[in-house]
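# kindly generate the corresponding structure for this input.
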Amino acid sequence: STTFLNLLNSDEEDTRTQTSFMSYTVPETGNTYSWINKFPGEWENNVRYFTSDIPLYRFSEALLFKAEIELEKGGDPLQWINKVAKRAYGKDNYYSNLTNSQIREVLLNERLKEFAAEGKSWYDYVRLAYYDRNFAMEDLKSQKMNSVYNYDEACKNYWYTGCGGSLENVPEDLTAFDPS
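Predicted coordinates for the structure are as follows:
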């Protein structure tokens, strides 16, 4: 989506975007095509072979999990986030002086950038919903993807029941998840 590509391109110094996605604009038409560039495998005689190892967990994921833990314990999550940011942006202490709410948003955005197209973001939203359900829902709503992923049903099944609630307390009208 355009919103996701804007997030990935929000900082020109972020090296992850170049690694995660490639784009090509056809000069004659101006049409731009983008594709996922992670785990490309190998090409031989115009045939693509999916030979890339696909890691389940990477060191950066452990660092960002540690940051989440430290945030909830009242520790210093920025030291862990900044280790990932150092590689991505090439700067020491990229993040500083943030509120807990800002740190939670940074964590989500860094995970979205770091693990783009790796199928991890759903679990990020589930975890985020335990601590800030409204932010998680608003972020999903802003993506305008409810018609594809049916977030209304997902919220009933995961967030309301998984966050200490029950289906009896779920509002009947969850159409707010599709603002279009």
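# using the three-state scheme, assign the residue nearest the centre of the chain.
Residue closest to the average C-alpha location in the chain (C-alpha atoms, centre = their mean): Leu112, at 2.1 Å. Following DSSP: H, G, I helix; E, B strand; the rest coil, Leu112 is assigned to helix.
# pLDDT on the helix of greatest length in the chain, on average?
The longest helix of the chain (DSSP state H) is helix 121-142. If you average the pLDDT over helix 121-142, you get 74.
# who does that helix touch, helix- and strand-wise?
helix 100-114, helix 151-154, helix 161-162 (3 or more C-beta pairs under 8 Å, 6 or more residues apart in numbering; DSSP states H and E). Heads up, the C-betas are built off the backbone N, CA and C, glycines and all.
# ok, residues contacting stretch 48-57?
39-43 (C-beta atoms under 8 Å, 6 or more residues apart in numbering).
# and the residues you listed, which is closest to Phe65?
Phe65 has its nearest neighbour among those in Phe39, at 21.5 Å by C-beta to C-beta.
# for Glu68, which non-adjacent residue is spatially closest?
Counting by C-beta to C-beta, 6 or more residues apart in numbering, Leu107 is the residue found nearest to Glu68 once chain neighbours are left out, at 6.1 Å.
# ok, now Glu70?
Closest residue in space to Glu70, ignoring its immediate chain neighbours: Pro77 at 4.2 Å, by C-beta to C-beta, 6+ apart.
# OK, contacts around the one you found?
Counting by C-beta under 8 Å, 6+ apart, Pro77 has contacts 66-68, 70-71, 103, 107.
# so which of those residues wins on neighbours?
Greatest neighbour count in the contacts of Pro77, by other C-beta atoms under 10 Å, goes to Ala67: 25 neighbours.
# how close does that residue get to Pro55?
19 Å (C-beta to C-beta, to the nearest Å).
# many thanks, I have nothing further to ask.
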